[in-house]
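Undergrad: this is a predicted model, with the sequence first.
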Amino acid sequence: MKTKKFTALLLAAALVMGLTACNSGNKLSQSPEESVNTESTQETEETVTEPEETQESAEQVIDPEVLRGLTLGLVEADYLDEPDLPGTTEDLKKMITKILEKRGAGEDKISEWEQLATGTDRQARNSDVAKACYYTAVYLSEDGIPKTNACDNSGSGRWLTADWYKDPKSIEWNNFIKTDSEGYSFYSRELGYFGEDPIVTNDVNFVTATMFAISMASHYSGQYVLPQNPETDTLLINQELSRSDLLLRAVRIYDSFEDPAEYIPISSLGEANVFSDDVINAAAPVPEVGKTGASDEWIGNSMENYITVAYEGTDGSIPFADLTWNFREADFAAAADLGINYMRIQIYLPFLAFPDYNEDRTQVNKAIIEDFDRAIGWGMKYGMHISLTFMQSMDDDIDGINEISGDGQVLSTKTPPRKMSKEAYAAKAELIEQLEKRYSNIPAKYLSYELECEASIIYTGTPVNTPDEMADMYIDMAQKVWAITPERGISISSDDFSLSDEEYAFWDKIAAAGINLDYHSYEPRGFMAPDQGRMVDPEKMVWPFVDENGIEWNMDKVYEEYIAPWKALADKHGVGFKIGECNPFFESWELFDKPPRTNEAMVAFANDFSATMQKNHISYCLNNPCNGPASAVKDVEPCETDMTSYWAGATYTLKTYNLEGYTAQFYVNEEYAEACYGKK
């Protein structure tokens, strides 16, 4: 539950007293052979190394993300000649000066920093880095209130016990920062996103700086600036830093801030292909596709970095999906390691106008388009078909409606397809056409498009479009793509579990035009999404399951009742069919007093679901690749107080991924991953 404003002082006190921690962070040390044992988890660490990486001794290897500090010019070229020498507070002061210069701080702000920071030859600690994070954000903000678009402090879940007890002086040491008695403030992006008072103030200076700094993560690597001990969950405030350690933190500070937004016309997106023939020819194998651009061998996930709606009163931030809202190569590497060969990437179209959200929606943020470029590139690199899902319209946040129930509850802040204007459909068609020109040389087996997510024709208000008109506009979008690339796969999805004659006619027309069908399997609702009227006790959240009417459900029954009719409609017209979304136990968390999931039930459902889909030759998406409530891969180890992610009896393996530009670690539930994605 979101409160109107954090009681920051209480949170700070909780930090100092050692709030019980429940998650393990990304280990930054280069001596990784550790095992982690917790009450619910027996963990061992495995290292997954890129084949082309040169194997050198540990003494000779410098993390490639550290070397990025040389590329960025944060230090002189010889700084890493002896990377294990102590990094000093003078080094840190100079690094932050470089970051401020490169991030566009004015001379007055840089001068303030130079006067505030007292660099010496004392070895720098994470406590110094925390202060540097805070003041860097202060000087890069327009109003002196620090703000980043890295993962927010509360959303990160990193309210951790700290090792301040080792040297309490580090909390308020003023031989690096000349502190004063005034309170510190920062902008809580999560509060701002939900339309609440976003300014958090605390007059305990260093603690507030830490509250801000612990959330900061690199957009480049998706890794936290400040580490924690993976065995004790302790925030390592007093860890003394080598040169390489210090530079790694400085690189991540630099990368936690965005470049200034550059807007480009939608009409320019298709001026040239962005992938060379060499990149495409080097792509890893994926399942072949038929004449409709679809396969029955896709096993995948759904990525949701850009899908949450911004609504009236919010600050318009992009919601973070993991540590940061950007796509991360590590997610693709980990997914491929599990056997995933399909990734559905959803785009709520107004976010293409982030962060300014100007009313001219013929312009889009170039950096976000390039983020999708990278995701498609990683799909080819790791052997995954990428499906781009285009949700709603470009101007939905401008012209969007609020559907209100009889008791005044907001049912939706998005514009239903039947309410979208014909101009909005035309603008969406133009965007998709230009993107197809951009990607036209990518083979159909690596890329497809979903024109709408859950394109229901049902709308309780006064509709703008008839179902026939809706179908015609979607068919027009598809034909614009096929005029460029005839074999490109096109689909539309639905979560309708029973179809009226009018609804059937709509989907029959869509399939007859050659558009593939996609069903989102969230039935039976009494199991998948219990509400207060159809409550499922945690003890009853098992699989197979008996609903409130005494009916027993297994996957064969779910298939025959909900999935088979959609497959029959697809087969009637010779188009592809897949399950584009599914999550086991998709419950409302506020209905429970404790985390309701067990590993036994999750594995039982996943085995039953995946076996049934594979037996019937149906491609499917199950869960998110990382950090979703039902995901097999986690950035941090779930603990028993984590309502959304903790499963009783789950076991996780700590895996390290050595990528070209950085190192990442994940906790993997291998038993569940095998149930979801293994061949049956």
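TA: Happy to help now that I have it.

Undergrad: contacts, neighbours, all on C-alpha from now
TA: Fine.

Undergrad: any stretches of the stretch 551-680 of the chain with poor pLDDT?
TA: For the stretch 551-680 of the chain, applying pLDDT under 70 flags the ranges 586-590.

Undergrad: which residue ranges of it form strands?
TA: 552-553, 577-581, 619-621, 633-634, 653-658, 663-668 (DSSP state E, counting those that start in this stretch).

Undergrad: looking at these, spot the one closest to Y504.
TA: Smallest distance to Y504 across these (CA to CA): 15.6 Å, for strand 577-581.

Undergrad: would you check that T88 makes contact with N126?
TA: No - counting by CA atoms under 8 Å, T88 stays clear of N126, with 11.4 Å between them.

Undergrad: shared neighbours of the two, anything?
TA: The contact sets of T88 and N126 do not overlap (CA atoms under 8 Å, 6 or more residues apart in numbering).

Undergrad: any chance of the strands of the stretch 551-680 of the chain in TSV, plus mean neighbour count?
TA: Converted to TSV, the strands of the stretch 551-680 of the chain look like this (neighbours: other CA atoms under 10 Å):
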stretch	mean neighbour count
strand 552-553	14
strand 577-581	26
strand 619-621	26
strand 633-634	26
strand 653-658	21
strand 663-668	24
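
Undergrad: Throw those into TSV and include distance to Q479, thanks.
TA: Formatted as TSV, these follow (distance: least, CA to CA, whole Å):
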stretch	distance to Q479
strand 552-553	41
strand 577-581	19
strand 619-621	24
strand 633-634	38
strand 653-658	41
strand 663-668	42
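
Undergrad: which among these is found nearest to E454?
TA: Across the strands of the stretch 551-680 of the chain, closest to E454 is strand 577-581 (CA to CA), at 10.0 Å.

Undergrad: what does that closest one rub up against?
TA: By CA under 8 Å, 6+ apart, strand 577-581 touches 294, 296, 302, 344, 493, 516-522, 566-567, 570, 618-623.

Undergrad: can you tell me which of those residues are buried?
TA: Among the contacts of strand 577-581, those buried by neighbour count (16 or more other CA atoms under 10 Å) are 294, 296, 302, 344, 493, 516-522, 566-567, 570, 618-623.

Undergrad: next one, pLDDT for S29 please.
TA: pLDDT for S29: 29.

Undergrad: actually K4, not the one I typed
TA: At K4, the predicted lDDT confidence score is 31.

Undergrad: now swap in the one 3 residues further on and tell me
TA: Each residue has a pLDDT score; the one for T7 is 35.

Undergrad: can I assume I264 sits in a strand?
TA: Yes - according to DSSP: H, G, I helix; E, B strand; the rest coil, I264 belongs to a strand.

Undergrad: how many other residues sit next to it?
TA: As a burial measure, I264 scores 15 neighbours (other CA atoms under 10 Å).

Undergrad: verify the contact between it and A367 for me.
TA: No - using CA under 8 Å, I264 makes no contact with A367, being 9.8 Å away.

Undergrad: element containing S448?
TA: strand 447-450 (DSSP states H and E).

Undergrad: pLDDT value on the residue nearest to the spatial centre of the chain, please?
TA: For the chain, the residue nearest the mean C-alpha position is A321 (2.7 Å; CA atoms, centre = their mean). Note for A321: predicted pLDDT of 72.

Undergrad: contacting residues for it?
TA: Per CA under 8 Å, 6+ apart, neighbours of A321: 304-305, 627.

Undergrad: what values do phi and psi take at it?
TA: phi -90, psi -40 (degrees, to the nearest 10).

Undergrad: what is the neighbour count of the closest residue to K680 other than its chain neighbours?
TA: Of all residues not flanking K680 in the chain, A611 sits nearest, at 5.7 Å (CA to CA, 6 or more residues apart in numbering). Residue crowding around A611 was assessed by other CA under 10 Å; the count is 19.

Undergrad: return the strand holding S448 as PDB; C-alpha atoms alone will do.
TA: Extracted C-alpha coordinates of strand 447-450, given in PDB (Å, rounded to 0.1, in the frame of the first residue of the first chain):
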ATOM      1  CA  LEU A 447      11.000 -10.600 -35.500                       C
ATOM      2  CA  SER A 448       7.200 -10.200 -35.500                       C
ATOM      3  CA  TYR A 449       4.600  -7.700 -34.400                       C
ATOM      4  CA  GLU A 450       1.500  -7.800 -32.200                       C
END
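
Undergrad: how far does that strand sit from its chain's centre?
TA: Chain-centre distance of strand 447-450: 20 Å, with CA atoms, centre = their mean, to the nearest Å.

Undergrad: how about stretch 239-246?
TA: 29 Å.

Undergrad: on that earlier part again, just the contacts of A321 now: which is nearest P467?
TA: The closest of the contacts of A321, once distances to P467 are taken by CA to CA, is E304, at 27.8 Å.

Undergrad: and that closest one, helix, strand or coil?
TA: Quick answer, by three-state DSSP: E304 is strand.

Undergrad: could you report the separation of it from M643?
TA: For E304, the distance to M643 equals 20 Å [CA to CA, to the nearest Å].

Undergrad: so between the two, which is more surrounded?
TA: Remark: of E304 and M643, E304 carries more neighbours, 21 against 18, as counted by other CA under 10 Å.

Undergrad: burial of the closest residue to that one other than its chain neighbours, as a residue count?
TA: Leaving aside its sequence neighbours, E304 sits nearest to Q346 (CA to CA, 6+ apart; 5.7 Å). By other CA under 10 Å, 21 other residues sit near Q346.

Undergrad: contacts for the helix or strand hosting Q346 next, please.
TA: Assessed by DSSP H and E, Q346 sits inside strand 342-348. For strand 342-348, the external contacting residues (CA under 8 Å, 6+ apart) are 298-309, 379, 384-393, 580, 621.

Undergrad: would you map the strands across the stretch 351-500 of the chain?
TA: 363-365, 385-391, 403-404, 410-412, 447-450, 489-494.

Undergrad: quick one: work out the angle between the longest one and strand 489-494.
TA: Relative orientation of strand 385-391 and strand 489-494, computed by axes from the mean of the first three to the mean of the last three CA atoms, to 10 degrees: 50 degrees.

Undergrad: elements contacting strand 385-391?
TA: Using 3 or more CA pairs under 8 Å, 6 or more residues apart in numbering; DSSP states H and E as the contact criterion, the elements in contact with strand 385-391 are strand 342-348, helix 366-382, strand 447-450.

Undergrad: pairing partners for the first one, with directions?
TA: The pairing partners recorded for strand 342-348 under DSSP bridges are strand 299-306 (parallel), strand 385-391 (parallel).

Undergrad: hey, C-alpha coordinates of the helix or strand just after the first one in PDB?
TA: Spelled out, that is strand 299-306. Going down the chain from strand 299-306, the next helix or strand is helix 329-337, by DSSP H and E. What follows is helix 329-337, C-alpha atoms only, in PDB (Å, rounded to 0.1, in the frame of the first residue of the first chain):
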ATOM      1  CA  GLU A 329      21.500  -7.800 -22.000                       C
ATOM      2  CA  ALA A 330      21.900  -9.900 -18.800                       C
ATOM      3  CA  ASP A 331      18.100 -10.700 -18.900                       C
ATOM      4  CA  PHE A 332      18.500 -12.100 -22.400                       C
ATOM      5  CA  ALA A 333      21.600 -14.100 -21.500                       C
ATOM      6  CA  ALA A 334      19.900 -15.600 -18.400                       C
ATOM      7  CA  ALA A 335      16.700 -16.400 -20.400                       C
ATOM      8  CA  ALA A 336      18.600 -18.100 -23.200                       C
ATOM      9  CA  ASP A 337      20.400 -20.200 -20.500                       C
END
